[in-house]
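Enquirer: take a look and give me a structure for this.
(chains A and B)
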Amino acid sequence: MQSRMYVAGGSLLVICLTGWWLSRPLATDVLLRPMPTASDLDGMLWSTFDGAPIDTLGEQHKNVDTENGFTHIRLRYSAPRPFVVTVNPSWIVENRYAFNAAERVGAVLPAAQDATVTLPVSASVGWKRGTRQAIVYAYAESAASPRLLNMEPFSAGLGLRQILTPEAWTLASVNFLRGYRVAGVSLAVLLGMAMIIAMFVLRRNYGDMNAALLAGAFAVLLFFIRSGTDLLSGTLGAVVHWQQSGTLSELGDVVAIARDLKGDERTIAACGYSDAPVAYGIFPAKLAPVQEADIAVLPTAWTLKSGGVLCGTSHIDGTVVRTYPAGGGIAELHSAPSAQ
Amino acid sequence: MTFVIAIIGMMAVTAEGWCLTNAVAPMTLSRATRVAIAYPLGLLMNAIIITGLHVSGMGLSSASLGLTHAVILILSYLASKRWFIQPHPPVHPPAPKMLRWICTAIIAVTVVSAALSALFLPTRQWDAFTNWTMRSQQMHAARMIVFDASAKPQYPVLIHGAQLMANIREGWSDTSANAATLLLTLTGFAGLFMIIRTVRGHSAAWITLAGLAALPLLAVHAGQGLADIHVTMYTLLAAACLDGAVQSSKRRWLALGALFAAAAAWTKLEGLYLALVPWAVLLPLRGWKMEAIAAVMLAAPWPVLILLSGLPLSPHGASLGLHLSGVLPAMQAVFTEGSFGIHGWAIVLCLAVLAWKRPGELLHDAAIHWALWSTVFVLAVYLLTADIERLTTMTAFARTMLLPVSMWTMALARRAGAEE
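Expert: Numbering: from 1, shown residues only, chains lettered A, B, ... in the order given. Sure thing, here's the model as predicted:
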């Protein structure tokens, strides 16, 4: 019995070491992190560009389309200032490129002159073996726009590092979990297959029912090691962010702003997605339409170069009077908005 | 002061549940088990009290709530006739040390994460902003049950009652509201662990609770959920009590189970279909009619009040149609994505072996019947009604499937403990 345990433990160690060796990053790899919601991207843009006016920010994108599958994109660029880059695996529907924004991964690239980095597209949960298209977005201030000199897709490794990409669960709406992928294959499917094989291996010694239960329990444990790590680190991270800066994942500063405004006697409007959290936070006061409000809560306090602020998709005449760490803010309103 | 008031409110509810437990629970339930299930049971009484106060026009002021709870507490004490009883729980062999360590680690990760999330983060979920905690806050301000200011006025009031009792004073504490639902989660699952330990032994209890704590979506919802975890918990408690009755032939288990089945229906509308209906069907099949009727009678006031208020029972549409396009997303949600981890595969594998080797056990296990019913019901709702949209967009399907998957997990994990 003891020798069997040594064999099982040794095999597990060999598998882990091989996996680690196969999944080591390239020297030029950029660490991409998931950005499942639009506000995650907004927060990253805000912190990178230090609240620059929204109409001075520009985006450019390039499609990568090859005949063969790829795991990485080698990007050569020049940029006078740091900029945000995002990558999405994509596909073609009716001659157009389509992608799932929730599968977006991104990073801030440093200012550089003719630099080369590699973007591990396989870090995205949407990447599969055989992925042949991707969309790369670059966001920067228009005056300091980066030049994307060349993009070259290539394959390096099996995409095993995909399992290290954390679950992109959102704090405000946990309706389902995307799960994990390894080399483009669902971890649940891989472990499911391994579980069935393990059952057949174990049944001689333990009988059918016990073998099935043992294999099932072991697979559940392995999956939990991965998901539990994300659960604990994600929760701890959220608590630390909230306690230190009052920001709350994809909700940004909205909850903190609503708390600050509780008891405020001015009429309050909520812009963009902030209506439900603000209505909850300022209760028993009620939200007012933006035309009748004295102040507005802005999830991202983008100003316009010409003056005014952005409220959802409307430009409104107002002044940002307070900003918060993740880019949210409060604007004092002057007149009715003009729809864009 | 806020927390002192919150603790007083929760203690009052727990005391009522304690008396109720002493009145109905079998003597094999240990004192620790009685403590654990007292708060979940007290909240059932609290929900009925709140509805009664609303209907009688007395309102939900601190005075009316406090006074009514005091009277009910005295009556509960008189009904149970004694504050402390001397239970005689069965003695089972302890679980192997290695098993306990592994299960403790899994449970600890989920509990720590849940406690951090509930107590150190503010209310943060959309449905809490628009319905759950928001409606509790509205009820707290209006001092009555509100039907016209909430997105889902049909939803029953057990969770609102828990949050109200933790905020019985003037002013609203977000943390107290979330602490009340956390306490419900922790006490309910602790109670489930101890009931299974009493009925099936230590190993079965450890494996079941670790199996549930390892369900990724359930673990996330343990922090702050949308009552899906609570309706699941009450349903599991009812099923565990049914198992206790089947194993011991003691009908007191059924009295306790009837309370849990009714509490599930008072928690969320799904409880009507996924807890109360199976309870009301499975019991008469085994010749137990009174407890089935008791659960239905206890659960009936809320749906009756909703219908008398002119509201439909469900906030969602009910137009019928066959939507086969939903089969693939449903399979993917259970077997390839992350909400249920590897549980879907493990359940199918164990069921297949069980069906092949011991079909008799499969046919006679009430928890497996319950799990089968809930799975079929949930799939039918999504594949045969306009709710298909909530499956293809994944806005509700995985959350609703938590209950069936948890029931399968409990049914098979209990068996694993017995095999061990």
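Enquirer: in the stretch 201-340 of chain A, which residue sits nearest chain B?
Expert: Ranking the residues of the stretch 201-340 of chain A by distance to chain B (C-beta to the nearest C-beta) places A:G216 first, at 3.4 Å. Glycine gets a C-beta too; all of them are placed from N, C-alpha and C.
Enquirer: assign A:L26 to helix, strand or coil.
Expert: For A:L26, the reduced secondary structure class is coil; criterion used: DSSP: H, G, I helix; E, B strand; the rest coil.
Enquirer: wait, it sits on A:T116?
Expert: No. Under the criterion of C-beta atoms under 8 Å, A:L26 makes no contact with A:T116, lying 11.1 Å away.
Enquirer: if we can go back for a sec, residue contacts, the closest residue to the residue of the stretch 201-340 of chain A closest to chain B other than its chain neighbours?
Expert: Take A:G216 and drop its neighbours on the chain: the residue closest to it by C-beta to C-beta, 6 or more residues apart in numbering or on different chains is B:A346, 3.4 Å away. For B:A346, the contact set (C-beta atoms under 8 Å, 6 or more residues apart in numbering or on different chains) comprises A:M195, A:A215, A:G216, A:A217, A:A219, A:V220, B:L412.
Enquirer: what packs against the helix or strand containing B:C241?
Expert: Here B:C241 sits within helix B:228-248, counting by DSSP states H and E. Under the contact criterion of 3 or more C-beta pairs under 8 Å, 6 or more residues apart in numbering or on different chains; DSSP states H and E, helix B:228-248 touches helix B:31-55, helix B:174-200, helix B:216-221, helix B:252-267, helix B:270-271, helix B:277-285, helix B:366-384, helix B:397-419.
Enquirer: lowest average confidence across these, which one?
Expert: Out of the helices and strands packed on helix B:228-248, helix B:397-419 stands lowest, with a mean of 89 (criterion: mean pLDDT).
Enquirer: and that one, what does it pack against?
Expert: With contacts defined as 3+ C-beta pairs under 8 Å, 6+ apart, helix B:397-419 has these neighbours: helix A:208-245, helix B:174-200, helix B:202-213, helix B:216-221, helix B:228-248, helix B:327-335, helix B:343-357, helix B:366-384.
Enquirer: now the fifth one: average pLDDT?
Expert: Same thing as helix B:228-248. Across helix B:228-248, the per-residue pLDDT values average to 95.
Enquirer: now the angle between helix B:277-285 and that helix, please.
Expert: Following axes from the mean of the first three to the mean of the last three C-alpha atoms, to 10 degrees, one obtains 10 degrees for the angle between helix B:228-248 and helix B:277-285.
Enquirer: could you do the first one as well?
Expert: Computed with the same axes, to 10 degrees, the direction of helix A:208-245 lies at 150 degrees from that of helix B:277-285.
Enquirer: please state the offset of helix A:208-245 from the chain centre?
Expert: Here helix A:208-245 shows a centroid-to-chain-centroid distance of 20 Å under the convention C-alpha atoms, centre = their mean, to the nearest Å.
Enquirer: so which residues on the stretch 51-200 of chain A come close to chain B?
Expert: Applying C-beta under 8 Å from any C-beta of the partner chain, we find that the stretch 51-200 of chain A lies next to chain B at A:167, A:169, A:171-180, A:186, A:188-189, A:191-192, A:195-196, A:199.
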